[in-house]
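# need a 3D model of the following:
(one chain, ligands or ions: 1)
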Amino acid sequence: MTSPKGPLYIGFDLSTQQLKGLVVNSNLKVVYISKFDFDADSHGFPIKKGVLTNEAEHEVFAPVALWLQALDSVLSGLRKQGLDFSLVRGISGAGQQHGSVYWGRDAERLLGALDSGRTLEEQLSGAFSHPYSPNWQDASTQRECDEFDGFLGGVKELALATGSKAHHRFTGPQILRFQKKYPDVYKKTSRISLVSSFLASLFLGHVAPLDISDVCGMNLWDINKGAYHEKLLKLCAGSSGVDDLKSKLGDVPEDGGADLGKVHRYYVERYGFSPECTVIPSTGDNPATILALPLRPSDAMVSLGTSTTFLMSTPSYKPDPATHFFNHPTTPGLYMFMLCYKNGGLAREHVRDAINEKKGDKNPSNPWANFDSVALQTAPLGQKSGSDPMKMGLFFPRPEIVPNVRSGQWRFNYNPTKGSLTETDNGWDRPLDEARTIVESQLLSLRLRSRGLTSSPGKGIPAQPRRVYLVGGGSKNKAIAKIAGEILGGSEGVYKLEIGDNACALGAAYKAVWALERTNGQKFEDLIGQRWREEDFIEKIADGYQKEAFEIYGKAVEGFEKMELQVLKQEAKKNAS
Ligand code: XUL
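Residues are numbered from 1 along each chain as shown. Predicted structure coming up:
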């Protein structure tokens with residue numbers, strides 16, 4: 001291979017189970033990738049799937065020194081592949097969201113004095129006041145979440161101010177618990193980074209500011225004001241006070257493409273980076289994902305993995321306790337809307353396995369073939385004629401957060417003319433009917449919660465997403481793609497985004513390209529839109545908007561909303577008795 005010509009840009013992805021470094025050129029072509037798998041490639045850390053746990057307290061956390069080891073290893077990996085680091089003009093990254101890193105009093109000195117003859121792990125393991133980073137899977141902060149949720153009056157008020165109600169993983173509740181559990185360590189903490197700004201700090205050789213989008217994953221940032229929320233800081237800071245917490249958190253530059261400074265000489269001397277290489281703010285992994293393509297306002301991305309994530313770029317800020325809003329990572333005036341479900345793939349797999357079992361086809365070469373064909377042969381909502389009730393249900397093998405309900409299954413018949421709902425599986429041919437019902441259930445929930453954010457693509461056409469991009473394992477299912485188009489619409493259709501599991505690293509690398517090559521005021525969407533060759537990355541896999549189907553599912557959404565409310569009421573009653 002001929003060596004790629006510069007300038008080059010690196011995007012890192014510091015996720016739960018691995019660190020990845022991906023290098024692109026100005027034309028957005030990937031030229032190198034190097035990975036470090038935490039479980040397989042690290043030494044000295046008794047981790048499982050990248051984390052440690054303390055089950056008694058529902059704690060999940062990662063040793064920060066592990067990430068130091070990983071960074072030197074990924075850079076060495078890129079060097080082995082032949083990357084000429086002197087061509088790298090910019091560095092950005094994506095970090096698992098909400099995780100926090102606690103720097104000790106010597107942090108700035110140790111970061112600034114990095115010696116290229118020794119590893120990051122050798123030199124920085126002592127830079128932290130606490131050696132672990134609470135992880136987004138941590139669930140130890142119920143009490144703190146209750147405090148956050150109540151503090152401004154209720155969950156609605158908190159969501160209105162910060163974009164989200166309180167969640168166990170959000171950094172504000174995590175810091176509140178940290179300062180109560182480890183008051184002395186908290187006092188000795190000079191700075192608190194998010195995983196994203198931690199990564200940028202390593203390259204800068206001093207503690208980097210928090211990112212304008214990732215800061216919204218803390219329940220501490222007042223999105224409308226564009227500043228920390230003073231009252232919430234007060235709640236979080238405890239006796240050390242607001243000013244102390246503010247100085248621990250530091251400023252937040254508004255520009256996601258800001259020039260944070262040049263790479264530290266450690267990287268120049270050890271790997272051959274140019275001293276002119278610029279460090280750009282790293283962002284969260286979800287905000288980075290929407291940068292993996294020139295996502296336009298009203299485009300939607302649905303990630304169909306073990307869990308389901310729905311991401312949209314939108315100019316509307318309409319917070320709700322069931323959803324999340326973040327500042328857009330690059331474009332002022334836009335927001336990233338996110339729905340984060342715990343359930344997804346597992347629920348579909350249960351139905352898939354039951355159908356394969358029923359068909360006596362336990363290990364077919366394509367385990368999804370029966371599921372797909374049954375789902376496609378079943379009429380929408382199981383209605384053989386318009387007078388039949390609509391079949392709908394909730395299928396949660398794990399406790400769900402959207403809506404907040406225990407694990408379980410609920411089946412209903414809904415009569416759209418009367419608006420009446422009956423909990424029953426009368427008339428259901430199980431498990432066959434459920435192939436379609438489960439996919440519908442997951443997509444109706446997305447339509448219900450995103451419907452206020454889309455706009456009409458043209459006269460007489462209802463509001464809906466422009467394009468629907470499917471990513472992750474479930475994007476291979478033909479039935480899911482077809483039903484996604486029928487339920488969500490998509491005036492330009494349903495697409496599969498073929499970037500494997502590289503979305504966050506790619507998004508981070510594109511952010512660096514944009515930050516350093518933009519002309520005055522040029523938007524991310526415009527610069528990347530001009531250079532992105534969509535035929536290399538996406539394939540249209542289903543029709544989007546179809547009038548009749550969209551209308552029928554519009555009625556079904558009403559029933560779906562009622563069904564969720566009824567289940568929530570029933571469960572609250574059960575819990576109270
Ligand atoms: C988002 C979230 C996860 C992590 C995964 O709120 O908690 O998606 O960002 O790394």
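
# what's near enough to touch the residue of the stretch 151-300 of the chain found nearest the ligand?
Nearest residue of the stretch 151-300 of the chain to the ligand: Asp285, at 4.6 Å (C-beta to the nearest ligand atom). In short, each C-beta sits where N, CA and C put it, glycine included. By C-beta atoms under 8 Å, 6 or more residues apart in numbering, the contact list for Asp285 reads Asp13, Ser15, Ala94, Gly95, Gln96, Gln97, Cys504.

# show me what contacts the residue nearest to the first one when sequence neighbours are not counted?
With C-beta to C-beta, 6 or more residues apart in numbering as the criterion, Asp13 has its nearest non-adjacent residue at 3.9 Å, and that residue is Ala505. Under the criterion of C-beta under 8 Å, 6+ apart, the contact partners of Ala505 comprise Gly11, Phe12, Asp13, Lys20, Gly21, Leu22, Ile33, Ala94, Ala288.

# got phi/psi on the fourth one?
Note on Lys20: its backbone torsions stand at phi -130, psi 140 [degrees, to the nearest 10].

# separation between it and Arg348?
27 Å (C-beta to C-beta, to the nearest Å).

# now do the second one
Summarising the geometry, the distance separating Phe12 from Arg348, computed by C-beta to C-beta, is 32 Å.

# neighbour count winner among the two?
Phe12 (30 against 27; other C-beta atoms under 10 Å).

# shaky segments in this structure?
By pLDDT under 70, the weakly predicted segments of the chain are 1.

# kindly report the domain assignment for it.
Using automatic domain parsing, the domains assigned to the chain come out as 8-286, 294-343+451-542, 345-441+549-576.

# quick one: the helices in the stretch 151-300 of the chain, in order.
Using DSSP state H, counting those that start in this stretch, the helices of the stretch 151-300 of the chain run over 155-162, 171-181, 183-188, 195-204, 230-237, 242-249, 265-271, 285-289.

# show me which of the contacts of Asp285 is closest to Lys188.
Gly95 (23.6 Å; C-beta to C-beta).

# near the ligand, which residues of the protein?
Counting by C-beta under 6 Å from any ligand atom, the residues of the chain close to the ligand are Ser15, Thr16, Gln96, Gln97, His98, Trp136, Arg169, Gly284, Asp285, Asn286, Cys340.

# from the ligand, how far out is the closest residue in space to Tyr182 that isn't next to it in sequence?
Leaving aside its sequence neighbours, Tyr182 sits nearest to His130 (C-beta to C-beta, 6+ apart; 6.7 Å). His130 is 20 Å from the ligand, where distance means C-beta to the nearest ligand atom, to the nearest Å.

# His130: which element?
Counting by DSSP states H and E, there is no helix or strand that carries His130.

# give me every residue that touches it.
Per C-beta under 8 Å, 6+ apart, neighbours of His130: Tyr102, Phe178, Tyr182, Val185, Thr189.

# isn't there a strand covering Ala322?
No. Secondary structure assignment (DSSP: H, G, I helix; E, B strand; the rest coil) places Ala322 in coil, not in a strand.

# the closest residue to it other than its chain neighbours: neighbour count?
Spatial nearest neighbour of Ala322, excluding adjacent residues (C-beta to C-beta, 6+ apart): Val402 at 5.3 Å. Val402 has 21 neighbours, counted by other C-beta under 10 Å.

# could you do Thr283 as well?
Thr283 is flanked by 37 other residues according to other C-beta under 10 Å.

# correct me, but it touches Ala258?
No. Between Thr283 and Ala258 there is no contact under C-beta atoms under 8 Å: 11.6 Å.

# I'd say Ser116 and Glu269 touch.
Yes. The criterion here is C-beta under 8 Å, and Ser116 meets it with Glu269 at 3.6 Å.

# just the strands in the stretch 1-150 of the chain please.
Counting by DSSP state E, counting those that start in this stretch, the segments of the stretch 1-150 of the chain that form strands are 8-14, 18-25, 30-37, 52-54, 59-63, 88-95, 100-103, 132-134.

# what does the stretch 351-500 of the chain give?
Using DSSP E, counting those that start in this stretch, strands in the stretch 351-500 of the chain cover 390-396, 400-401, 404-405, 408-415, 420-423, 467-471, 493-497.

# which elements pack onto the lengthiest helix in the chain?
Secondary structure assigned by DSSP state H gives helix 547-576 as the longest helix of the chain. For helix 547-576, the helices and strands in contact under the criterion 3 or more C-beta pairs under 8 Å, 6 or more residues apart in numbering; DSSP states H and E are strand 390-396, strand 404-405, strand 408-415, strand 420-423, helix 432-450, helix 478-488.

# how about that helix: buried residues?
Neighbour-count burial for helix 547-576, counted by 16 or more other C-beta atoms under 10 Å, picks out 549-550, 552-553, 556-557, 559-560, 562-564, 567, 571.

# equivalent analysis for stretch 388-403, please.
Buried residues in stretch 388-403 (16+ other C-beta under 10 Å): 389-397, 400-403.

# distance from the chain centre to that stretch, please.
Centroid separation for stretch 388-403 versus its chain: 22 Å, with C-alpha atoms, centre = their mean, to the nearest Å.

# could you do stretch 345-353 as well?
Counting by C-alpha atoms, centre = their mean, stretch 345-353 comes out at 22 Å from the chain centroid.

# and the gap between the residue nearest to the spatial centre of the chain and Gly386?
Among the residues of the chain, the one closest to the centroid is Asn286, at 3.1 Å (C-alpha atoms, centre = their mean). Shown here: Asn286 relative to Gly386, a distance of 40 Å by C-beta to C-beta.

# same check, this time on Asn575
Counting by C-beta to C-beta, the gap from Asn575 to Gly386 is 38 Å.

# do Asp211 as well
51 Å.

# got it, and Ser445?
From Ser445 over to Gly386 the distance is 24 Å, taken as C-beta to C-beta.

# more neighbours, those two?
Ser445 (25 against 8).

# does Ile33 touch Val23 like I think?
Yes. Assessed by C-beta under 8 Å, Ile33 is found in contact with Val23 at 7.4 Å.

# which one's more surrounded, the two?
Taking neighbours as other C-beta under 10 Å, Ile33 and Val23 compare with Val23 leading, 23 against 19.
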